[in-house]
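1. Need coordinates for the below:
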Amino acid sequence: MASGAEVTSGGLLQVGLAGFGAGGVVSDATIDSGGFESVDSGGTDFGASVSGTLQIFSSGLASGVEVRSGGLLQVGLAGFAAGGVVSDATIDSGGFEFVNSGGTDFGASVSGTLQVFSNGLASGVEVRSGGLLQVGLAGFAAGGVVSDATIDSGGFESVNSGGTDLSNEILGGEQEVYGYASSAIIFGGSQVVAADGLADTTTVMSDGLLYVASGGTASGTIIDSGGFAYVESGGESINVTLSGGDQFDEAGGVDINTLVESGGIDIVSGGGIADNTTIDSGGTQIIEAGGTADLTINGGIEILKAGALVRDQLISLPQAVRSRSTA
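-> Predicted coordinates for the structure are as follows:
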């Protein structure tokens, strides 16, 4: 066991060694710029301060690491099936952490950059203001997986092609989805579903925004009171429930199987399409001139502007259907 070691530029601290079952233990080490620490098979590091490089792989463990500006924490390593495990790391502004082949991170606090790719895993990450969480990486077929992350105001997450994000909470920050995101909850921030991205079962709370860009798809979304969804031209919104929130389809945007509950409003602009909408009591759908809809009115309100097209309509309960000129 070693405590308080300082690794200066060009120095190497190696904790644990392949072929030796019981690794060593290091606590409160300082890795200066240009210094290097490797935690290998059976090795454990507690409380390192890293301005150089700390590499955890082949079943090595580290906890309470602080990665300072210019420092690098690398968890897992290509060619090693058993990746390392890191818990409760702090990534300062200008610091970097890579979670790579078989590596696992629990509970990181990120003001710098955390990148999870090539079968890496991360759980319970908090992305603070100015921090970046990147899931998946171009050129790596197997993307990383992140679960239960929190994106604070000013924080940013990019879920790239091949990347997967599960059960994220967006607390004023932003998530962009080019890969797959499931079960996100948006509290006052935004989720942008870009081309080829899929967001499944997102819940949009008050002051939250779901933006479906061209080529993106959102499915199973719930939009609560005060929440908003915007479907851009070429975007698709499928099986959405407007539970007091609003959805707007611009020209070329499509929503399919939308349920508009009490307090919800679905607005279809000219050139937008609403297919198979159900409007419950207290819900409202507005079709602008040039917009197209087929719907079931189940006690709700359908407002048709002059020039709107309704292809098919089923009225199952008392309703109000209004039309007025846009001149």
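2. any idea how far Asp207 lies from Ala108?
-> 27 Å (CB to CB, to the nearest Å). Any C-beta I mention is one placed from the backbone N, CA and C, and that applies to glycine too.
3. Mind checking which of these two has more residues around it?
-> More crowded of Asp207 and Ala108, by other CB atoms under 10 Å: Ala108, with 28 against 14.
4. and the more buried one, what does it touch?
-> With contact set as CB atoms under 8 Å, 6 or more residues apart in numbering, Ala108 has these partners: 86, 88-91, 97, 114, 122, 124-126.
5. Check Asp246 too.
-> So Asp246 contacts 223, 227-229, 264-267 (CB under 8 Å, 6+ apart).
6. now, the most widely separated pair of those residues?
-> Distance extremes for the contacts of Asp246: the farthest pair is Gly227 and Ile267 at 14.1 Å, using CB to CB.
7. who's more crowded, those two?
-> Gly227 (27 against 19).
8. Isn't that one up against Gln191?
-> No - judged on CB atoms under 8 Å, Gly227 makes no contact with Gln191 at a distance of 10.9 Å.
9. overlap in contacts of these two?
-> In contact with both Gly227 and Gln191: 204, 208-210, using CB under 8 Å, 6+ apart.
10. Out of the residues you listed, which sit inside strands?
-> 204, 209-210 (DSSP state E).
11. Closest to Gly130 out of those residues?
-> For those, the nearest to Gly130 is Leu209 (20.5 Å; CB to CB).
12. Test my guess that that closest one contacts Gln191.
-> Yes - using CB under 8 Å, Leu209 is in contact with Gln191, at 7.4 Å.
13. More neighbours: the two, which one.
-> Gln191 (31 against 18).
14. OK, contacts around that one?
-> By CB under 8 Å, 6+ apart, the residues touching Gln191 are 170, 174-177, 181, 184, 199, 202, 204, 208-211.
15. Which entries within the residues you listed meet the buried criterion?
-> 170, 174-177, 181, 184, 199, 202, 204, 208-211 (16 or more other CB atoms under 10 Å).
16. tally of neighbours for Gly282?
-> Neighbours around Gly282, by other CB under 10 Å: 14.
17. For the nearest residue to it once chain neighbours are set aside, give its distance to Ser93.
-> Nearest-residue entry for Gly282: Ser262, 2.9 Å, with adjacent residues in sequence omitted and distances by CB to CB, 6 or more residues apart in numbering. Using CB to CB, one gets 45 Å for the distance from Ser262 to Ser93.
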